[in-house]
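need coordinates for the below:
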Amino acid sequence: MSQPHLIRHRVTVRAAAPLCFDLMADLGHWPQHFGPAVHAEVLEPDKGDGDLIRRWALTGGTEVHVWDARRRLDRDGLRIVFDQVEPQAPLTSMRAVWSFEADGEGTTTVGITHEFTVTEDDPQAARRTTGEVNARTPGQLDSLRDLAERWDEVEPLVISFEDPLFIGGRLEDVYEFLYAAAEWPERVPHVEKLEMTEDTPGIQFFDMHTHTPDGRDHTTRSVRVCLPNHKIVYKQISLPALLDGHTGHWVFTETPEGVIAYARHTATIKPSALPLLGEGTTVADARKYLRRVLSTNSLQTLRYAQQFAEERVHAAHA
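Numbers count the residues shown, from 1 in each chain. Next up is the predicted model:
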């Protein structure tokens, strides 16, 4: 039997335990508020042994690591358990237990206990894994602490919306247009320049220069997770000055008549940058501005995808 290794980390958070639990339990919060997280979703719902989730996370800024875990949420006990499924060698098992203990007076001790085993109890592999866990876990706890303690301030700064567009074409063609972002400078007028790498199939990094409808220019760097004919998820890792966070996705629903494509944006406003939109600009003003410019650009892109897909249908029936 392999020797289990235990590592414990703790942090005190000036926020209520249920809030800390909820922020960690909601996968939608991860990419928007926790730096390395690119995307997370439920692959299988809970049938009694926890749900199966998949997480995509940045490593080193130029790669994305993917892992699956069986997750058990215990809201009454304020615990979340992650058991990695088929962990990457030399790991033979990896469990992380998050606990949220109310300390009274509105503070919470948030803890993570990692328990892992390695192939043949290799001591070098155990030390290397211990070092990796010790390197990343304090940052995870600090991120949750910062978010929970500022949640009343942060929540009104987050704007999230989704725009749908019906396309009378094939899903494969709509996906192809949105996947081939390197072609956008020739296909989408508000994209001036785009430099993309895709060293791992379906994982794209690109630097994009764009124009907003009010004539402003932006340069952003994004990472995308492309799930063929299902979803394209993105996270901006180099942001425009107005934002502290920007994530989103393109998702598709087939209908008997074609495809409904949805463009979602979730953006976090940076309060200190509000004067960039003019003296006296409020958060409410910035929300309206972002709703207009982000929606305009993404719907323009969808309309070009619509044109691309519908022309292919017409050509096939000509």
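
got any ranges where this protein has weak pLDDT?
Of all residues in the chain, none has pLDDT under 70.

quick check: domain ranges of it?
The chain breaks down into these domains under the TED database: 5-155, 168-317.

right, and the ones you listed - which one's nearest Glu162?
Of all the domains of the chain, it is domain 168-317 that lies closest to Glu162, at 4.3 Å by CB to CB. C-betas here are computed from N, CA, C, even on glycine.

report the distance from that closest one to the chain centre.
Computed by CA atoms, centre = their mean, to the nearest Å, the chain-centroid distance of domain 168-317 equals 15 Å.

make CSV out of the domains of the chain and add mean neighbour count.
Shown next, in CSV, are those (neighbours: other CB atoms under 10 Å):
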stretch, mean neighbour count
domain 5-155, 16
domain 168-317, 17
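
how about the strands in the stretch 101-250 of the chain?
Per DSSP state E, counting those that start in this stretch, the stretch 101-250 of the chain carries strands over the ranges 107-118, 158-167, 191-200, 203-211, 217-227, 231-238, 243-255.

now the fifth one and strand 231-238, what's the angle there?
Orientation of strand 217-227 against strand 231-238 (axes from the mean of the first three to the mean of the last three CA atoms, to 10 degrees) gives an angle of 140 degrees.

for the first one, same thing?
Between strand 107-118 and strand 231-238, the angle formed by their directions is 110 degrees, by the same axes, to 10 degrees.

report all helices and strands that strand 107-118 contacts.
Here strand 107-118 touches strand 5-13, helix 17-25, strand 91-104, helix 123-149, going by 3 or more CB pairs under 8 Å, 6 or more residues apart in numbering; DSSP states H and E.

quick one: closest of the ones you listed to Phe116.
Between these, strand 91-104 lies closest to Phe116; by CB to CB that is 4.5 Å.

what's that closest one in contact with?
The contact list for strand 91-104, computed with CB atoms under 8 Å, 6 or more residues apart in numbering, reads 2, 12, 16-18, 20-21, 24, 78-84, 87, 108-119, 129.

re the thing from before, Phe161: which of the domains of the chain is closest?
For Phe161, the closest of the domains of the chain is domain 168-317, at 6.2 Å, according to CB to CB.

quick one, what contacts the residue nearest to Arg136 when sequence neighbours are not counted?
Nearest non-adjacent residue to Arg136, counting by CB to CB, 6 or more residues apart in numbering: Pro36, 7.9 Å away. Residues near Pro36 by CB under 8 Å, 6+ apart: Ala57, Leu58, Thr59, Arg136.

ok, now with 10 Å
Counting by CB atoms under 10 Å, 6 or more residues apart in numbering, Pro36 touches 30, 55-61, 64-65, 136, 139-140, 143, 235, 237.

also Ala180?
Taking CB under 10 Å, 6+ apart, one finds Arg187, Met196, Phe308 in contact with Ala180.

which element is the last one on?
Secondary structure here is read from DSSP states H and E; on that basis Phe308 sits in helix 283-316.

helices or strands up against that helix?
Applying 3 or more CB pairs under 10 Å, 6 or more residues apart in numbering; DSSP states H and E, one finds that helix 283-316 makes contact with strand 158-167, helix 171-179, helix 184-187, strand 191-200, strand 203-211, strand 243-255, strand 258-269.

kindly reformat these as JSON lines containing distance to Ala96.
Rendered in JSON lines, the data for those read as follows (distance: least, CB to CB, whole Å):
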{"stretch": "strand 158-167", "distance to Ala96": "26"}
{"stretch": "helix 171-179", "distance to Ala96": "33"}
{"stretch": "helix 184-187", "distance to Ala96": "39"}
{"stretch": "strand 191-200", "distance to Ala96": "25"}
{"stretch": "strand 203-211", "distance to Ala96": "24"}
{"stretch": "strand 243-255", "distance to Ala96": "23"}
{"stretch": "strand 258-269", "distance to Ala96": "25"}
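
figure out which of the ones you listed is closest to Lys47.
Of all the helices and strands packed on helix 283-316, the one in closest proximity to Lys47, counting by CB to CB, is strand 243-255 (24.5 Å).

ok, for Thr117, nearest residue in space, not its chain neighbours?
Leaving aside its sequence neighbours, Thr117 sits nearest to Ser2 (CB to CB, 6+ apart; 3.8 Å).

in this structure that neighbour contacts Asp121, no?
Yes - counting by CB atoms under 10 Å, Ser2 touches Asp121, with 5.8 Å between them.

for Glu44, which of the helices and strands packed on helix 283-316 is the nearest?
Of all the helices and strands packed on helix 283-316, it is strand 243-255 that lies closest to Glu44, at 18.7 Å by CB to CB.

direction included, what does that closest one pair up with?
Here strand 243-255 has these sheet partners by DSSP bridges: strand 231-238 (antiparallel), strand 258-269 (antiparallel).

quick one: that strand to helix 283-316, angle?
30 degrees.

distance of Thr109 relative to Leu19?
Distance, Thr109 to Leu19, by CB to CB, to the nearest Å: 14 Å.
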